[in-house]
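**Q** Here you go, sequence then predicted model.
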Amino acid sequence: MSFNLDDTVIGGQLKVGAGLCIATGEGASKINGSAMIEGPVVIGNPTTFPYPYGALNVASLVNDDAPSPVIPGSTCYGVNNPYDIAISGNAAVMGKLDTNDNVIVGNNLLAQGHVISNCGGHVLAAKKNFDIPHPIKEGYRLRHTCPEGPSNDVYFRGRVTSRKEITLPAYWKELVDWTTITVNLTPVGAHQNVIVKRIDESKVYLQAHGGMPIDCFFHIYGTRADGERLIPEYEGESPADYPGNNDEYSVTGYHYDKREV
């Protein structure tokens, strides 16, 4: 077998630096073909980094021996340029991930926590949607969006039959300010002249004309009590200017009226 004169072939394990590397093994337990480099390591253009930003510093590919293939597909696969880092398979980042350019995702972008724009970027999740395969039309999808309003409300809906009371969920006593409760009633089958007689922390009391049996749909809204009231309009240039407690909200982007062209 022949090699270029400047080739170096290392068998077994490569270790550059000091210290015990548990992940690659030591001595008789070493993993053949593994490597440990203490760093810093620079890969790519040698002049990109004025000082080491981390243990591994990856710059643009400048090696003239490397081909520059035309990569087919959309922007998710680049445009006629090789990547600085190419990974086939899963990747894990155990710490903070910073980027000063776009994050292009070919499939879903999933997060265990909030997705927040700190600089007013164009977040496509500005409208809170869900999108699923259509339940009855093959080849179609169904997209719904969440309602928006000037108060932090929760709702409870259902049907009341042959009763004069609607029992609110037990947890509403601590979750909802009962003085903000509003009730919509829709009689079923006949006009019953149903009214809301009164409301307290646990029930909505109804009354029908002439004491006739009540049969109606109901839709009840109430504003949450576990926090301050929403201030829907305020003076400012960004969510940071919100005059209330911003810690109670997750703002996923705020340039909802703008889109990149």
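**A** On my side now, so go ahead.

**Q** Tally up the residues packed near Val229, please.
**A** In this structure residue 229 is Arg, not Val. For Arg229, the tally of surrounding residues (other CB atoms under 10 Å) stands at 14. Heads up, the C-betas are built off the backbone N, CA and C, glycines and all.

**Q** Quick check: which ranges of the protein have low pLDDT?
**A** 1-6, 68-82, 106-108, 110-129, 250-261 (pLDDT under 70).

**Q** ok, and the closest non-adjacent residue to Ile195?
**A** Among residues not flanking Ile195 along the chain, Gln207 sits closest, at 5.4 Å (CB to CB, 6 or more residues apart in numbering).

**Q** again with Asn245
**A** Glu228 (5.6 Å).

**Q** is it true that the one you found touches Asn246?
**A** No: using CB atoms under 8 Å, Glu228 is not in contact with Asn246; the gap is 10.7 Å.

**Q** now the helices for the stretch 101-250 of the chain?
**A** 172-175 (DSSP state H, counting those that start in this stretch).

**Q** Might you report the residue contacts of Val62?
**A** For Val62, the contacting residues are 44-45, by CB atoms under 8 Å, 6 or more residues apart in numbering.

**Q** so how far is Ile166 from it?
**A** Taking CB to CB, to the nearest Å as the measure, Val62 falls 72 Å from Ile166.

**Q** for Pro40, same thing?
**A** Pro40 is 67 Å from Ile166, by CB to CB.

**Q** repeat for Thr99
**A** Thr99 is 52 Å from Ile166, by CB to CB.

**Q** neighbour-wise, which of Pro40 and Ile166 wins?
**A** Neighbour count, other CB under 10 Å: between Pro40 and Ile166, Ile166 has more, with 22 against 13.

**Q** who's in contact with the more buried one?
**A** Ile166 touches 158, 160, 183, 203-204, 206, 218, 220, counting by CB under 8 Å, 6+ apart.

**Q** Buried members of those residues into ChimeraX, please.
**A** In ChimeraX syntax, the buried subset of the contacts of Ile166 is picked out as below (16 or more other CB atoms under 10 Å):
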select :160,183,204,206,218,220
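
**Q** Rebuild the contacts of Ile166 as TSV, extending it with distance to Ala35.
**A** Listed next are the contacts of Ile166 as TSV, based on distance: CB to CB, whole Å:
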residue	distance to Ala35
Gly158	64
Val160	71
Val183	69
Lys203	70
Val204	70
Leu206	75
Phe218	68
Ile220	64
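
**Q** Glu235: which of the contacts of Ile166 is nearest?
**A** Ile220 (33.8 Å; CB to CB).

**Q** List the contacts of the closest residue to the closest one other than its chain neighbours.
**A** Once flanking residues are discounted, Ile220 sits nearest to Phe156: 4.7 Å by CB to CB, 6+ apart. Neighbouring residues of Phe156 by CB under 8 Å, 6+ apart: 168-169, 172, 220, 222.

**Q** mind listing which of the residues you listed are in strands?
**A** With strands taken from DSSP state E, the overlap with those comprises 220, 222.

**Q** Of the contacts of Phe156, keep whichever come out buried.
**A** 168, 172, 220, 222.

**Q** Who's the closest spatial neighbour of the second one, skipping the chain neighbours?
**A** Taking CB to CB, 6+ apart, and ignoring the residues beside it in sequence, Trp172 has Gly222 as its nearest neighbour in space, at 6.7 Å.

**Q** If that neighbour is in a bridge, with which residues?
**A** Beta bridges link Gly222 to Val154, judged by DSSP bridges.

**Q** before we move on, what about Ile132?
**A** Here Ile132, judged by DSSP bridges, has bridge partners Leu142.

**Q** From Pro147, how far out is it?
**A** In terms of CB to CB, Ile132 sits 18 Å off from Pro147.

**Q** Val188 too?
**A** For Val188, the distance to Pro147 - CB to CB - is 24 Å.

**Q** With that, I have no additional questions.
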